[in-house]
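> based on what follows, work out the 3D shape:
(2 chains)
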Amino acid sequence: MKKAILALADGTVFEGLSLGAAGEALGEIVFNTAMTGYQEVLTDPSYKGQTVVMTYSQQGNYGINQEDIESLRPWVQGFIVKEPCLYPSSWRSAEALQGYLQRHHIVGIHGIDTRALTRIIRDKGAMMSIISTVESDAAHLVKRAREAGGLVGVDLVKEVTCRAAYSWRESLWSLDRGYGKAAEEGKRYKVIAYDFGIKRNILRNLTAAGCDVTVVPAHAPAEMILDLNPDGIFLSNGPGDPDAVPYAKETIKKFIGRKPIFGICLGHQILSLALGGKTFKLKFGHRGANQPVKDLKTGKVEITAQNHGFAVDMASLKGAARITHVNLNDQTVEGLEHTELPIFSVQYHPEASPGPHDSQYLFKRFVDMMERGHQ
Amino acid sequence: MPKRTDIRKILIIGSGPIVIGQGCEFDYSGTQACKALKEDGYEVILVNSNPATIMTDPTLADRTYIEPITPEMVEKIIERERPDALLPTMGGQTALNVSVKLAESGVLEKYGVEMIGAKIPAIKKAEDRELFKEAMQRIGLQVPRSFSAKTFDKAMEVASRMDYPLIIRSSFTLGGTGGGIAYNKEEYEKLARYGLECSPVSEILVEESVIGWKEFELEVMRDRNDNVVIICSIENFDPMGVHTGDSITVAPAQTLTDKEYQVMRDAAIKIIREIGVDTGGSNIQFSVNPDNGRICVIEMNPRVSRSSALASKATGFPIAKMAAKLAVGYTLDEIPNDITKMTPACFEPTIDYVVVKVPRFAFEKFPKADPALTIQMKSVGEAMSMGRTFKEAMNKALRSLETGSYGFEKMIRPERKAILFRPTAAELDLIKTRLKLPAPERAWYIAEAIRAGLAVDEIYELTRIDRWFLNNIREIVQLEEGVFWQVNSFQKSHSRGLLSGTGGLSAELLRKVKECGFSFKTLSTLTGQSVADLMKTAKDAGIVPVFKTVDTCAAEFEAFTPYLYSTYERPFYNIADPRLGHAGASEKVPACEANPTAKKKVIILGSGPNRIGQGIEFDYCCVHASFALREEGFESIMVNCNPETVSTDYDTSDRLYFEPLTFEDVMAIIEKERPYGVIVQLGGQTPLKLSVPLEKAGVRILGTSSDSIDMAEDRERFDKLLERLGLKRPASGMARAVGEAVKIAGHIGYPVMVRPSYVLGGRAMETVYDEAGLMDYMTRAVAASPEHPVLIDRFLQNAVEVDVDCISDGSMTVIGGIMEHIEEAGVHSGDSACSLPPYSLDAAILDDIRAQTKLMAKELGVVGLMNVQFAVKDSVAYVLEVNPRASRTIPFVSKAIGRPLAKLAAKLMAGMTLEELGFTEEVKPSYTSVKEAVFPFIKFPGVDTLLGPEMKSTGEVMGLGADFGAAFAKAQIAAGNTLPLSGMVFISVRNDDKPHVADTARELLNMGFSIIATANTAAYLNDRGIRAERILKLTEGRPNIVDRIKSGEVAMVVNTSLGAKSVADSYYIRRTSLEHGLPYFTTVAGAKAAAQGIKALLKGSLGVKTIQEYHAEFSKR
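Numbers count the residues shown, from 1 in each chain, chains lettered A, B, ... in the order given. Next up, the predicted model:
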């Protein structure tokens, strides 16, 4: 099997074997602790620019199927696993992980001590890294990782957002029927979803909750959207630094006070900026499917899926919004709502995929908010 | 929500003796619960009849009742203690069943006791199969189609509406007792009858078969705030049809996509809410159709379980401790995660390794038992292992089992050299049969099938084991073949670049196979090189294991608890200044998280998987040693691979290594930790076997030297020692051939005891009464040879056997306890009931026994514990056996005398003296303690219940009372052998026993019993004026004894038997008694003790008293 080298900006070098395509992958290295859901992780546009280490040691066990995708293609910069599975086993599997990565030109490495790597990222923070199957001079690779700019200030949204608006009809997945379709009867809400790198399961959840969703590119002007007179605006997840997409912040400002708004992840961060707040970069972020979040209203804890490297500084909002959800591991802000207006957002991923369904109620909350807006 | 302050005193019910289906995992959970509740200031009352548990140590609960776990006895405890609350979920099915009975009979209400954790409606909904099915349907979940039947006719009627195979489950039994799979009507009739008989409520559930579906388990926790989290997912290697306790299981689930896993997770959350388990943990089993993912709910346990113990060890999340805290009102977010300290317990553990559990069976003890694995659990223990991949964990698990396997050994013509082979038609048939019918060796046959050229799909069709597992085993076989090929081509070509001392392996291949968990022993077989050479070469090549932490969070947070496992990882390096090029690179090293301290430390080697002959008793000793060493300022380091135990709880020792107990694995830890010394004498044979190799490797063995251990175990050296001391032992000899055996036996005189040298737990030991018997034994049981001699001892008939446990610091020896066995010599000491103090021996002989014991301890230079077995015949004490190590009876004796012997022993091994420990005098309690053994016969249809030199019991109970009769009666009740107060006693004994049974029969008559007996016994008794009605044997016509037992007329059975024909003739009596739950005695001594017990019961009802009160009695004096 072909060799590969992983070099980190801090000088650490792992020598392993190639996984997926030959070539190089330069990206910010982060780890994800979810034990299932690699296919969803690969296809999550929020990972644009990032090389993902899966902490669970056996990946690819159930192969790649046609259904469990969050977008049309994998977005990760690079992919790192301890042991990839050559012989996947699942009634839904269509191909093995390696072939899929190769087909999509994703460069990866396997056969290295991913736990040691995770500990380095935990202790030193997310940093730039390079995987190469072509360069054998490790010192040179370290130098290139070190010289590469990070993700701060880089607009990655423009690379993952859709080119043109489209409407969405697919609903949630079930074991016996696969994905459902939007209901034909019952009250429907017109929702515009800003695509900063949206995961399909958000759209499926919105559809299931009763929304007729139109997805629009990140740069869609507010005026045009307001002309459509939607019942609510949804702000999606996406990759990178919220400060790098000032145009989105400006757009959102125009919706505040005029439409109910719900934001997730990057959408939550950009919304906070639009409300006058600030964000900051976390040391190594939260990526996984087991993060405990407390709903401060009910006192109940939900286990959440997360994928973010930045967080909102609550104090910076100066009372414009109040905190509704908090992360029990590090007490960071996980959700907030406007003190007066029908606006709320969460840092985590209520659409899960991969991850638990504990927070699905938020989609209902959005719908309820729009319903109140009608009254 | 903080903890509740309206309750103050909490009663915890334990699980009683270790039986198949209910092992020491409940000591682990109960111990955690006791500690957790005490920590929060609650007063904890505990009842458990099992003295070998840590939970019944007098320091653990505030008040500890070592009393039978029956509704009557627990009511007495409640009446006396008036607890505010009862926590029923820690003691397995036993505790749950007793709690339900106490609630239903109004006892809890009468005394104002609140059930916490799980309430009655929830327990009933989870346990009653009909209610459970309805509940599942209510929340839209699928269950296999099933019908219940309370009568045989109804059972036949429901079966007529379903398709075979059908699964029969017996209601309200544990470990699947009384259950089975019927492939046709004939089998169904048999199983339906058996299931109805086994069920205490005479009910079976007949279920549509989902055999061959994939099986999963989720461990779920819920708090009073309705927060629900999944602690662990488990995927069974063996598909549906094999009891999960008998299955190889793997964590986390391997073959579910996130979408499918979340469907299961959602279902689990719905289930725990619908069933209404308020707080605590539950285990939910699912089956999944491999062809379309359809999920069926199989069952739910609304309590901690074997699986929750496994999940706790697998993830580092202590489910039982949390369940106890949740039961008193905490919510998950209020409790910190012990391992990370900074984050709360309200999360879902995520792991970055693979956990494999393999069951350990004891079919060698029950040759007549059917080793087929079905839905009734048959394994007696388990080993767990961790690795970074399934292949590594699986290989480690196999050698953790200690069944002589070090990996996937060959099964067909194992002496063959080649890996891949072409099987004959018969061999292929054998392989296919072994794949199709699940039995203990199936995993090995899978590897063999691959070697024989069967395709994974073919193996899948036969086994229905997921192809993911099969492919992993295939990869292991491919590596074997790679090693074989490289070694053999090396021998031809002497190619360069290969490691010396490996027979021609490249460093890369050696590293690869070590990463996949191959043992050096397996490599030794594959390469023809010695283990020592391979170990050295690997070390020199930098191929050494590293240790990783079990941290609940896949390294996301820092872990503060050193709970470690070994793995092989690739080294890496750092180039701090890339301008220097590669010259600036640091050394290449693999990342090890062990971080040994500089403290003075001691490694304690545990006892591995539970098995008959080596169980919880040894874990108890190891745990005590750890506590003792910590008290004395040592860092205690535990090594063990049994997930059920207290010793593998991460807070028992300063450091825990969850590792196989083989030389290779233990040495790796020793080299990393560099301890002051290693304790091998507390974990039974497992660590003892390692003492010589460890010592040879330069490791300091603490306590008694390995030479002394050898002197006691080596027959010839031991004989010389006795001779030197002038002590007697039964005449004996050692035969290396059949002729020699006959000569020796003739010289000694029949009957004789025969056994292979160096065996454990009485394996293959038999009493033979004549030359024919001897010849039979020599040809059937063992092949004597110069390397494997057979030991022949004179059998002392009707001798009284005595067990002595003593403790010595090398100069002073103190007797811990002298136990008189109830059953005569010839019954394995582990199977015999015993009394402390002795109840029939006189002072002179006891003093002689004391003197002999001390003499031998001194001569052997014992530092620590020593156990001696004597046989007393005609007022002469003969030494049968000496074991200079912890014995099975240490926990029992410790509890009987109120002194923690194992703890004291550990301190002696660390260099203290008995004088310093203040233990210089034998404690002579004023009350009597009786130990009784508990047997697994009910799990093995067709197996006889007769006792012999081969140990068969899985567990033990303790009865305490003012006198022998009361203590014995309690022990019997605790063992489930409740003595009758009136009725009809059936007696049928062999000729030798007739004179001895007469007194007992007379006594029973005097107490108002009537007696029935078979012809000869009846005649003998009637001749002596003891009125006995004759009853027909099964072969003599009807109504016979079996009819009388079945019609419920018989209250107790006394049956002894000798000789193959007689044993076979009377087998059905014993089996029928067992299946009808009758108290039965297969020795006259047992019957005699029973009469004394009955007498005590007739005198008045038995009282209850705490162990703390018993101990206070003599500390006052």
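> all contacts plus neighbour counts: C-alpha atoms, from now on.
Fine.
> mind listing the helices for chain A?
For chain A, the helices defined by DSSP state H cover A:38-42, A:97-103, A:114-124, A:138-147, A:157-160, A:200-208, A:222-228, A:246-253, A:266-274, A:361-374.
> does the last one come close to chain B?
No - contact of helix A:361-374 with chain B (C-alpha under 8 Å from any C-alpha of the partner chain) is absent, the minimum separation being 13.7 Å.
> contacts for that helix next, please.
Residues outside helix A:361-374 that contact it (C-alpha atoms under 8 Å, 6 or more residues apart in numbering or on different chains) are A:189, A:205-206, A:209-211, A:231-232, A:260-262, A:342, A:350.
> over to stretch B:201-210?
Under the contact criterion C-alpha under 8 Å, 6+ apart, stretch B:201-210 has outside partners B:129, B:144-151, B:155, B:158-159, B:162-172, B:192, B:195-196, B:240-241, B:287.
> residue ranges in chain B under the pLDDT threshold?
For chain B, the stretches with pLDDT under 70 are B:1, B:174-175, B:490-497, B:758-762, B:781-787, B:1115-1117.
> please report how far the spatially most central residue of it lies from chain A.
By C-alpha atoms, centre = their mean, chain B has its centre lying nearest to residue B:610, at 3.3 Å. In this view, residue B:610 and chain A are 30 Å apart by C-alpha to the nearest C-alpha, to the nearest Å.
> what of residue B:137?
17 Å.
> nearest spatial neighbour of that residue, chain-adjacent residues omitted?
Counting by C-alpha to C-alpha, 6 or more residues apart in numbering or on different chains, residue B:143 is the residue found nearest to residue B:137 once chain neighbours are left out, at 7.7 Å.
> can you get me a residue count around residue 293?
You didn't say which chain, so I picked chain A. By other C-alpha atoms under 10 Å in any protein chain shown, the residues close to residue A:293 number 28.
> you answered for a different chain; I wanted chain B.
Count around residue B:293 with other C-alpha under 10 Å applied: 18.
> show me what contacts it?
A:91, A:175, B:260.
> which residue does the stretch 101-250 of chain A have closest to chain B?
residue A:139 (4.7 Å; C-alpha to the nearest C-alpha).
> my guess is that residue meets residue B:578, correct?
Yes - using C-alpha atoms under 8 Å, residue A:139 makes contact with residue B:578 at a distance of 4.7 Å.
> more crowded one of the two?
Each of residue A:139 and residue B:578 has its neighbours counted (other C-alpha under 10 Å); residue A:139 has more, 25 against 20.
> since we're on residue B:121, how many residues are nearby?
13.
> so who does it touch?
Counted by C-alpha under 8 Å, 6+ apart, residue B:121 has contacts residue B:276.
> now do it against residue B:914, distance only.
Residue B:121 sits 54 Å away from residue B:914, taking C-alpha to C-alpha, to the nearest Å as the criterion.
> need the contact list for residue A:313.
By C-alpha under 8 Å, 6+ apart, residue A:313 lies in contact with A:277, A:278, A:279, A:280, A:333.
> do you know how far the closest residue to the third one other than its chain neighbours is from residue B:1069?
Right, residue A:279. Distances taken as C-alpha to C-alpha, 6+ apart place residue A:312 nearest to residue A:279, at 4.3 Å, with adjacent residues excluded. Look at residue A:312 and residue B:1069: by C-alpha to C-alpha, they are 77 Å apart.
> adding neighbour count and distance to residue B:112, write the contacts of residue B:293 out as CSV.
Formatted as CSV, the contacts of residue B:293 follow (neighbours: other C-alpha atoms under 10 Å in any protein chain shown; distance: C-alpha to C-alpha, whole Å):
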residue, neighbour count, distance to residue B:112
A:91, 16, 54
A:175, 13, 48
B:260, 19, 45
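> turn those residues into a markdown table, including distance to residue B:99.
Formatted as a markdown table, those follow (distance: C-alpha to C-alpha, whole Å):
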| residue | distance to residue B:99 |
| --- | --- |
| A:91 | 44 |
| A:175 | 39 |
| B:260 | 37 |
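> how much space between the residue of chain B most remote from its centre and residue A:26?
Ranked by distance from the centre of chain B (C-alpha atoms, centre = their mean), the top residue is residue B:579, with 60.2 Å. Counting by C-alpha to C-alpha, the gap from residue B:579 to residue A:26 is 20 Å.
> go on, residue B:797?
Counting by C-alpha to C-alpha, the separation of residue B:797 from residue A:26 is 83 Å.
> then residue A:43?
Counting by C-alpha to C-alpha, the separation of residue A:43 from residue A:26 is 18 Å.
> now residue B:878
79 Å.
> get me the contact residues on the stretch 201-350 of chain A for chain B.
So the stretch 201-350 of chain A meets chain B at A:290, A:291, A:292, A:300, A:301, A:302, A:303, A:328, A:329, A:330 (C-alpha under 8 Å from any C-alpha).
> so what's residue B:593 up against?
Counting by C-alpha under 8 Å, 6+ apart, residue B:593 has contacts B:546, B:547, B:548, B:549.
> not counting its neighbours along the chain, what's nearest the last one?
Residue nearest to residue B:549 in three dimensions, not counting chain neighbours: residue B:564, with 4.6 Å by C-alpha to C-alpha, 6+ apart.
> wait, is that neighbour part of a strand?
Yes - using DSSP: H, G, I helix; E, B strand; the rest coil, the secondary structure at residue B:564 is a strand.
> so how far is chain A from it?
Separation of residue B:564 from chain A (C-alpha to the nearest C-alpha): 14 Å.
> surely that residue touches residue B:595?
No - between residue B:564 and residue B:595 there is no contact under C-alpha under 8 Å: 10.6 Å.
> so between the two, which is more surrounded?
Neighbour count, other C-alpha under 10 Å: between residue B:564 and residue B:595, residue B:564 has more, with 22 against 10.
> contacting residues around the more buried one?
B:547, B:548, B:549, B:550, B:594, B:655, B:656, B:657, B:658.
> could you do residue A:287 as well?
So residue A:287 contacts A:31, A:32, A:33, A:34, A:305, A:306, A:307, A:308 (C-alpha under 8 Å, 6+ apart).
> can you get me a residue count around whichever residue of the stretch 51-200 of chain A sits closest to chain B?
Closest contact between the stretch 51-200 of chain A and chain B, by C-alpha to the nearest C-alpha, is at residue A:56 (4.2 Å). Applying other C-alpha under 10 Å, we find 25 residues neighbouring residue A:56.
> nearest residue to it other than its sequence neighbours?
Of all residues not flanking residue A:56 in the chain, residue B:352 sits nearest, at 4.2 Å (C-alpha to C-alpha, 6+ apart).
> I'd assumed residue A:57 was in contact with that neighbour.
Yes - in this structure residue B:352 lies within contact range of residue A:57 using C-alpha under 8 Å: 5.4 Å.
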